[in-house]
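Engineer: Structure for the following, please:
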Amino acid sequence: MKKKILIPTDFSKNAWNATTYAINLFKGEQCEFHILNTFYLGGYSTENLLIPEPGDAAYESIKETSEKKMSKLKTQLSYRDDSPEHRFYFYNEFGPLTEVIKRMIEKKDIEFIVMGTRGETDSKDVIFGSNTINVMEGIRLCPILAIPGTFFFKEPNEIVFPTSFKTHFKQRELKHLVEIAKLTNSPVCILHIKKEDKLSKEQEENKALLEDILITTEFSHHTLENIDVKKGLHSFVQSRESEMIAFINKKHTFFSSIFSNPLVKDLGVHSKVPVLAMHDIRS
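Structural biologist: Residues are numbered from 1 along each chain as shown. Okay, here's the model as predicted:
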């Protein structure tokens, strides 16, 4: 069965790098890559009657720009012959990025998103750009792999998976972590930032369940004490020069403490390594 991957693009170098990363990550796999550019005009809303329509001068202008740039991207990709099992589809859609992505996921049965961490219009001082943050927070139907513009594809030396062991893991939530670990022969480093003297019975059960889910991969346990989650993750990844971070994005808890503005600016390490955001299907 072909894997269906959505790659949003704003035609920036960062977006191109994310595209080539996805192609190389799934080299040899049967894949459909759905390349999406959204165009939009500030001041418009899907909730009012001011939405421009085909034929409007403003609409046609931004649509033409989007299509011209997409045509160039098609040409760039046509020269690649990474895998005969890859198929590419291209879309120019009007609307806010997150809303269009939700429609695409439903319409095309998308199961994975790969995107750059920062777009052309985002401040150079921002590590995760506004679109990336919005997508990571707003899209909960499939996992998102965010790729920094300066990180070129290579198989990760390890994938760091921070956890408190306080949630009950589900195999389908961690499916893509297992898949990427196996695809790239990358060990998973389970990082527990300890806040208690010992694990509770429930935490021990969740730990055993996680080990069972990861049984087909190489994994190891690591513990840090007396440090907050943000600093602990930062120091662990930095000291080991880890090359990917994966976590379960739980609404209003772990994710918000790590990635939401302005804390995201403090995590310079995340500008250097890909981040896989999976989702708690109960949130």
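Engineer: make it CA atoms for all contacts and neighbour counts henceforth
Structural biologist: OK.
Engineer: Okay, Arg240 and Lys195: tell me how far apart.
Structural biologist: As for Arg240, its distance to Lys195 is 22 Å (criterion: CA to CA, to the nearest Å).
Engineer: Same question for Leu73.
Structural biologist: Taking CA to CA as the measure, Leu73 falls 48 Å from Lys195.
Engineer: With Glu85 instead?
Structural biologist: 47 Å.
Engineer: And for Thr19?
Structural biologist: Distance of Thr19 to Lys195, given as CA to CA: 39 Å.
Engineer: ok, those two, which is more surrounded?
Structural biologist: Between Thr19 and Lys195, counted using other CA atoms under 10 Å, Thr19 has the larger neighbour count: 23 against 14.
Engineer: Quick one: residues contacting that one.
Structural biologist: By CA atoms under 8 Å, 6 or more residues apart in numbering, Thr19 lies in contact with Ile7, Val114, Met115.
Engineer: Swap in 7 Å and give it another go.
Structural biologist: Ile7 (CA atoms under 7 Å, 6 or more residues apart in numbering).
Engineer: tell me which element it is part of?
Structural biologist: Element membership for Thr19, per DSSP states H and E: helix 13-25.
Engineer: Check which element follows that helix along the chain.
Structural biologist: strand 31-39.
Engineer: From the contact counts, what lies against that next one?
Structural biologist: strand 3-8, helix 57-78, strand 86-94 (3 or more CA pairs under 7 Å, 6 or more residues apart in numbering; DSSP states H and E).
Engineer: Bridged to Leu145, which residues?
Structural biologist: Beta-bridge partners recorded for Leu145 (DSSP bridges): Val114, Leu276.
Engineer: And the helices in the stretch 51-200 of the chain?
Structural biologist: Using DSSP state H, counting those that start in this stretch, the helices of the stretch 51-200 of the chain run over 57-78, 97-108, 130-138, 175-184.
Engineer: can you tell me which of those helices the model trusts least?
Structural biologist: Among the helices of the stretch 51-200 of the chain, helix 130-138 carries the lowest mean pLDDT, a mean of 79.
Engineer: Which positions within that helix qualify as buried?
Structural biologist: Ser130, Asn131, Thr132, Ile133, Val135, Met136, Glu137 (16 or more other CA atoms under 10 Å).
Engineer: Over to stretch 99-113?
Structural biologist: Across stretch 99-113, burial judged by 16+ other CA under 10 Å covers Val100, Ile101, Lys102, Met104, Ile105, Ile110, Glu111, Phe112, Ile113.
Engineer: before we move on, what about stretch 212-230?
Structural biologist: Result for stretch 212-230 [16+ other CA under 10 Å]: buried residues Ile213, Leu214, Thr217, Phe219, Leu224, Val229, Lys230.
Engineer: Can you tell me which of those residues lies closest to Ala15?
Structural biologist: Ala15 lies nearest to Lys230 out of these, by CA to CA, at 26.5 Å.
Engineer: Is the closest one in a helix, a strand, or coil?
Structural biologist: helix (DSSP: H, G, I helix; E, B strand; the rest coil).
Engineer: again, but for Glu202
Structural biologist: Three-state call for Glu202 (three-state DSSP): helix.
Engineer: State the distance from it to Tyr91.
Structural biologist: Going from Glu202 to Tyr91 by CA to CA gives 46 Å.
Engineer: What of Thr217?
Structural biologist: Distance check for Thr217 against Tyr91: by CA to CA, it reads 36 Å.
Engineer: same check, this time on Lys4
Structural biologist: 14 Å.
Engineer: Looking at those two, which is more packed in?
Structural biologist: Ranked by neighbour count (other CA under 10 Å), Lys4 and Tyr91 place Lys4 first, with 18 against 15.
Engineer: so that one sits right up against Glu29, yeah?
Structural biologist: No: contact criterion CA atoms under 7 Å: Lys4 and Glu29 do not qualify, at 10.9 Å.
Engineer: Contacts only, for Thr132.
Structural biologist: Shown in contact with Thr132 (CA under 7 Å, 6+ apart): Thr117, Arg118.
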